[in-house]
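Engineer: With the sequence up front, the predicted model follows.
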Amino acid sequence: MAKAKIDLDQVRNDITALDENLLNLLAQRRALSLQVVQSKVETKKAIRDSYRETLLLQNLTEKGKKLNLKADYINQVYRQIIEDSVELQQDYLLQLNNPEIKSAEYKIAYLGSKGSYSHAAVEKYLAGVNGGLIDLGCNSFNAIFAAVEDKKADLGVIPIENTSSGSINEVYDLLQTTRLKIVDELFIPVKHNLLVACETNPAQIKTIYGHHQPIAQCSDFLAEFDDIKLEVMDSTSSALEVVKKLNDPSVAVLGSAEAGKHYNLQSIQADVANQKDNQTRFIIVARESVNVPFQCAAKTSLVLAVGQRPGALVDALMIFKQHDINMCKIESRPIKGRPWEEMFYIDVTENVTTEPMQSAIKALKASTTDFTEIGCYLDRSSQTQK
Ligand SMILES: C=C(O[C@@H]1C=C(C(=O)O)C=C[C@H]1O)C(=O)O
């Protein structure tokens, strides 16, 4: 065989060296972002500057074109870099405003154990606050709320809604009565795989284990099986554990590729959720609320009931319009012990401390039968990942 003109090993060495340079440049850019936020603390400027971002992206895509780099590609890469910079600055400011919550280690209650989607959310949260974990895996949402309420845990990490299966009713019902506050939110891309413990193929599978959320999120895929038994477990990690122990070619489990690696399970089918962009929104709950810096994008969550008078809900919602407050989510659930009455859960993109928000809260308290503000926290919806 003729010797290739280009030495592949040499080119790969060059790429490795170049990638390391890129990493160093990314780290240098992050360090500059930290200088930017320090300046914004002094000047009281908002973290997000959309005008600056637009100019930056325009300039970069134009320069990129001259280097034969597609505008789409440059846009995507720099959007990600800018979101990381905004996230870094927001987290810096949040910690500066809330010195009492600065802790090296956090006792965190969450559903399942290592390998569960909630554990991935816990890891993402800890990466943001630079903290270590004292692990308090729980087997129900109720147990997570109880652990934080009883001071066994500092924080609870709980999934609340998913792009495929919608709102998690059980969690909304627990929010109806809890004294806890929502102090943060985060978004986790959820990619379900069909995992098995030993050599097999999809045609041999007779039983599939999973938490009821992944089962709901993969209903289209599961419907393709003719005669399948679904075994619903408390959490994804308990489902993974059972399937590993059974070591049976007719048994599979729904879980992430990372969870598969952790339990030494093989994926025989990837990406089996109904929606390809399957994401779960998690909330972080604590006993004390946080002060969200006014320079950051914020969300406030409210729980209210309006009674059964005609137009009562419209009247309450008009208050948001009158105060120019943007509502980004509304959900309703039956009220325990009050048949046919509904509790409304409303998220607005407004800091609870602003003048319009305080005025709206005053008006809402006067026109509702029940009203609780259950937390003001950083709005991280722009940081959703694909
Ligand atoms: C770094 C800044 O903060 C934010 C992040 C930006 C970036 O990473 O380039 C640009 C504008 C702001 O939304 C800045 O204001 O310059």
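Structural biologist: It's in.
Engineer: in the host helix or strand of Tyr110, what's buried?
Structural biologist: In this assignment (DSSP states H and E), Tyr110 forms part of strand 105-111. For strand 105-111, burial by neighbour count (16 or more other Cβ atoms under 10 Å) applies to 106-111. Glycine gets a C-beta too; all of them are placed from N, C-alpha and C.
Engineer: and which of those residues is nearest the ligand?
Structural biologist: Tyr106 (27.1 Å; Cβ to the nearest ligand atom).
Engineer: residue contacts, the closest one?
Structural biologist: Taking Cβ atoms under 8 Å, 6 or more residues apart in numbering, we find Tyr106 in contact with 126, 129, 131-134, 154-155.
Engineer: how much space between the residue positioned nearest the centre of the chain and Ala121?
Structural biologist: With distances taken as Cα atoms, centre = their mean, Phe187 lies nearest the centre of the chain, 1.9 Å away. Counting by Cβ to Cβ, to the nearest Å, the separation of Phe187 from Ala121 is 9 Å.
Engineer: who touches both of the two?
Structural biologist: Common contact partners of Phe187 and Ala121 (Cβ under 8 Å, 6+ apart): 280, 282.
Engineer: okay, now the closest residue to the ligand within the stretch 51-200 of the chain: neighbour count?
Structural biologist: Closest approach between the stretch 51-200 of the chain and the ligand, counting by Cβ to the nearest ligand atom: Ser85, at 3.2 Å. Look at Ser85: counted by other Cβ atoms under 10 Å, it has 19 neighbours.
Engineer: Ok, Leu93 next?
Structural biologist: If we define neighbours as other Cβ under 10 Å, then Leu93 has 21 of them.
Engineer: Count the residues that sit near the closest residue to it other than its chain neighbours.
Structural biologist: Nearest non-adjacent residue to Leu93, counting by Cβ to Cβ, 6 or more residues apart in numbering: Pro293, 4.4 Å away. Using other Cβ under 10 Å, Pro293 has 25 other residues around it.
Engineer: hang on, the earlier thing: who's in contact with the residue of the stretch 51-200 of the chain closest to the ligand?
Structural biologist: With Cβ under 8 Å, 6+ apart, Ser85 has these contacts: 29-30, 33, 36.
Engineer: now the helices: where do they sit in the chain?
Structural biologist: All helices of the chain, identified by DSSP state H, fall at 8-43, 50-66, 71-97, 117-129, 141-149, 169-177, 212-217, 219-223, 236-246, 257-263, 312-322, 355-367.
Engineer: Can you tell me which of those is nearest to Gly375?
Structural biologist: Among the helices of the chain, the nearest to Gly375 by Cβ to Cβ is helix 169-177 (9.4 Å).
Engineer: Now do the longest strand seen in the chain: which elements does it pack against?
Structural biologist: If you go by DSSP state E, the chain has its longest strand at strand 338-348. Where contact means 3 or more Cβ pairs under 8 Å, 6 or more residues apart in numbering; DSSP states H and E, strand 338-348 is packed against helix 169-177, strand 298-305, helix 312-322, strand 327-335.
Engineer: partners of it, with directions?
Structural biologist: strand 298-305 (antiparallel), strand 327-335 (antiparallel) (DSSP bridges).
Engineer: Would you mark the buried spots in the last one?
Structural biologist: If I follow you right, that is strand 327-335. So strand 327-335, judged by 16+ other Cβ under 10 Å, has buried residues 329, 331, 333, 335.
Engineer: Flag every buried residue along stretch 318-326.
Structural biologist: 319-320, 323, 325.
Engineer: restrict the residues you listed to those near the ligand?
Structural biologist: With the criterion set as Cβ under 6 Å from any ligand atom, no member of the buried residues of stretch 318-326 is near the ligand.
Engineer: Could you let me know which of those ends up closest to Tyr73?
Structural biologist: Ile325 (37.3 Å).
Engineer: wait, what's in contact with the nearest residue to Gly375 once chain neighbours are set aside?
Structural biologist: Excluding the flanking residues, the one nearest Gly375 by Cβ to Cβ, 6+ apart is Ile182, at 3.0 Å. For Ile182, the contacting residues are 283-285, 301, 374-375, 377, by Cβ under 8 Å, 6+ apart.
Engineer: Apply 6 Å and report the result again.
Structural biologist: Each residue near Ile182 by Cβ atoms under 6 Å, 6 or more residues apart in numbering is listed here: 283, 285, 301, 374-375, 377.
Engineer: Check those residues one by one and keep those near the ligand.
Structural biologist: Okay, of the contacts of Ile182, nothing touches the ligand (Cβ under 6 Å from any ligand atom).
Engineer: low-confidence ranges in the stretch 251-386 of the chain?
Structural biologist: Filtered on pLDDT under 70, the stretch 251-386 of the chain yields the residue ranges 385-386.
Engineer: typo on my end, it should be the stretch 1-150 of the chain
Structural biologist: 1-2, 102.
Engineer: which bits of it sit near the ligand?
Structural biologist: So the stretch 1-150 of the chain meets the ligand at 33, 36, 48-49, 52-53, 56, 82, 85-86 (Cβ under 6 Å from any ligand atom).
Engineer: re the thing from before, go ahead and name everything in contact with the longest strand of the chain.
Structural biologist: 172, 176, 299-305, 325, 327-333, 335.
Engineer: can you give me the angle it makes with helix 169-177?
Structural biologist: Orientation check (axes from the mean of the first three to the mean of the last three Cα atoms, to 10 degrees): strand 338-348 against helix 169-177 gives 90 degrees.
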